[in-house]
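S.K.: Predicted model, plus sequence, below.
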Amino acid sequence: MGSLQGAFDPGPAFWGLTPGDAAEDDVTSTDRAGGPKGPSPAASDPAETGAADVEPLKTDDLAALALRLADAARTETMAHFRMDGLEAADKRSRGVYDPVTEGDRAAERAIRALLAETRPEDGILGEEEAAVASRSGATWVIDPIDGTRAFITGLPTWGTLIALDDGSRGILGLVDHPATDERYLGRAGHGAWLIRSGGQQRVRCRTGLSLAEATLITTAPELFTAEERPAFEAVRATARLTRYGTDCYGYSMVALGQADLVIEAGLEAYDIAAPKALVEAAGGVVTDWEGGDCRWGGRVVAAASPALHAETLAHLAAAKR
């Protein structure tokens with residue numbers, strides 16, 4: 001992929017900017033007096049308020065940088081996707097096959113190099129290399145290839161996950177699906193968007209469905225522990241439809257309004273930080289199985305609406321009693 005001016009440049013209308021407008025940085029910049037400038041007050045989430053589509057993500061250098069990071073990663077991942085003879089080492093996570101490829105490593109190196117150049121004070125938490133402590137209060141949370149099992153099988157559901165956490169919450173989440181030319185970008189207070197090489201569109205979670213009407217997604221039921229599996233099955237037995245094997249693509253489909261619920265367990269921060277920020281920006285609710293903060297991993301429920309989220313938590317709780 002090229003730069004932001006290349007195939008994935010969404011154009012001024014996407015940013016809500018006119019030539020000459022200055023982009024405002026939400027996270028830890030320096031004011032004229034040299035003191036720290038904290039996060040700007042978040043606007044009401046358009047996904048909740050119904051703000052007009054003509055008032056899109058008026059984001060700043062942070063969202064533009066996230067797109068550049070995704071471009072850099074895409075160059076590396078697509079160079080290895082469906083490559084003959086691609087080797088995959090086994091990290092053996094949670095007792096199951098957990099592959100990693102040179103595509104994973106090269107993509108994370110590309111992201112880290114660009115962050116070191118553009119935001120050297122920010123922290124980095126990634127899957128493949130050691131964490132970098134934040135000196136700004138902001139941390140980028142990245143997974144270069146979420147769904148490496150799909151990646152090495154030639155399936156298109158894998159993605160690159162890029163999130164920015166300001167120390168109290170995730171304020172930006174980007175989920176890039178290079179194999180399908182889909183890039184989902186969510187920004188707290190500004191809504192969520194699908195960006196493709198042919199243009200962009202606003203996305204929102206669908207609402208008004210009960211669990212009995214919902215489409216449920218999980219990556220693989222065998223990834224649940226013996227303790228977790230009955231709780232998942234209680235939800236699955238009530239949901240209208242259950243689909244498997246989608247990796248991070250499931251969260252994108254919830255944000256797009258095509259699915260309603262994702263239930264996972266055993267996640268790390270880099271698995272969930274970006275999908276959480278995306279789904280929430282699209283109007284959904286993402287927590288752990290008890291309703292707490294899950295941005296650092298664990299057991300996750302991502303629901304398209306508050307009502308569906310509450311109903312799902314009730315089923316999970318009842319199954320554990």
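M.R.: That came in fine, so what should we check first?
S.K.: what bits of the stretch 1-150 of the chain have low per-residue confidence?
M.R.: The stretch 1-150 of the chain contains residues with pLDDT under 70 at 1-60, 92-95.
S.K.: how about the helices in it?
M.R.: Counting by DSSP state H, counting those that start in this stretch, the stretch 1-150 of the chain has helices at residues 12-15, 46-49, 61-80, 102-118, 148-153.
S.K.: and those helices as a markdown table, adding mean neighbour count and distance to residue 128?
M.R.: Using the backbone N, CA and C atoms, a C-beta is placed for each residue, glycine as well. As requested, the helices of the stretch 1-150 of the chain are arranged in a markdown table below (neighbours: other Cβ atoms under 10 Å; distance: least, Cβ to Cβ, whole Å):
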| stretch | mean neighbour count | distance to residue 128 |
| --- | --- | --- |
| helix 12-15 | 14 | 31 |
| helix 46-49 | 18 | 32 |
| helix 61-80 | 21 | 12 |
| helix 102-118 | 19 | 5 |
| helix 148-153 | 20 | 10 |
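S.K.: Of these, give the one that comes closest to residue 194.
M.R.: The minimum distance between residue 194 and the helices of the stretch 1-150 of the chain falls on helix 12-15, with 11.1 Å, by Cβ to Cβ.
S.K.: List the buried residues for stretch 158-171?
M.R.: For stretch 158-171, a neighbour-count test (16 or more other Cβ atoms under 10 Å) marks 158, 159, 160, 161, 162, 163, 164, 165, 166, 170, 171 as buried.
S.K.: Need those residues in TSV (columns: distance to residue 149).
M.R.: Shown next, in TSV, are these (distance: Cβ to Cβ, whole Å):
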residue	distance to residue 149
158	8
159	13
160	15
161	15
162	20
163	21
164	27
165	26
166	32
170	25
171	30
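S.K.: before we move on, back to that, mind checking which of the helices of the stretch 1-150 of the chain is nearest residue 303?
M.R.: Of the helices of the stretch 1-150 of the chain, nearest to residue 303 by Cβ to Cβ is helix 46-49, at 13.5 Å.
S.K.: burial count for the closest residue to residue 158 other than its chain neighbours?
M.R.: Nearest non-adjacent residue to residue 158, counting by Cβ to Cβ, 6 or more residues apart in numbering: residue 147, 3.4 Å away. Neighbours of residue 147 under the rule other Cβ atoms under 10 Å: 25.
S.K.: you'd agree residue 201 is in a helix?
M.R.: No: Residue 201 is assigned strand when assessed by DSSP: H, G, I helix; E, B strand; the rest coil, not a helix.
S.K.: wait, doesn't it sit right on residue 194?
M.R.: Yes: the criterion here is Cβ atoms under 8 Å, and residue 201 meets it with residue 194 at 5.3 Å.
S.K.: Tell me which of those two has more neighbours.
M.R.: Taking other Cβ under 10 Å, residue 201 and residue 194 do not tie; residue 194 has more neighbours (17 against 11).
S.K.: quick one, what contacts the more buried one?
M.R.: When contacts are counted by Cβ atoms under 8 Å, 6 or more residues apart in numbering, residue 194 is found next to 182, 183, 184, 200, 201, 202, 203, 256.
S.K.: Helices of the stretch 201-321 of the chain, start to end?
M.R.: Along the stretch 201-321 of the chain, counting by DSSP H, counting those that start in this stretch, helices occupy 229-238, 249-256, 269-281, 306-320.
S.K.: could these go into JSON lines alongside mean neighbour count, distance to residue 218 and mean pLDDT?
M.R.: Output for the helices of the stretch 201-321 of the chain, formatted as JSON lines (neighbours: other Cβ atoms under 10 Å; distance: least, Cβ to Cβ, whole Å; pLDDT from 0 to 100):
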{"stretch": "helix 229-238", "mean neighbour count": "17", "distance to residue 218": "7", "mean pLDDT": "97"}
{"stretch": "helix 249-256", "mean neighbour count": "27", "distance to residue 218": "7", "mean pLDDT": "98"}
{"stretch": "helix 269-281", "mean neighbour count": "29", "distance to residue 218": "13", "mean pLDDT": "98"}
{"stretch": "helix 306-320", "mean neighbour count": "17", "distance to residue 218": "12", "mean pLDDT": "96"}
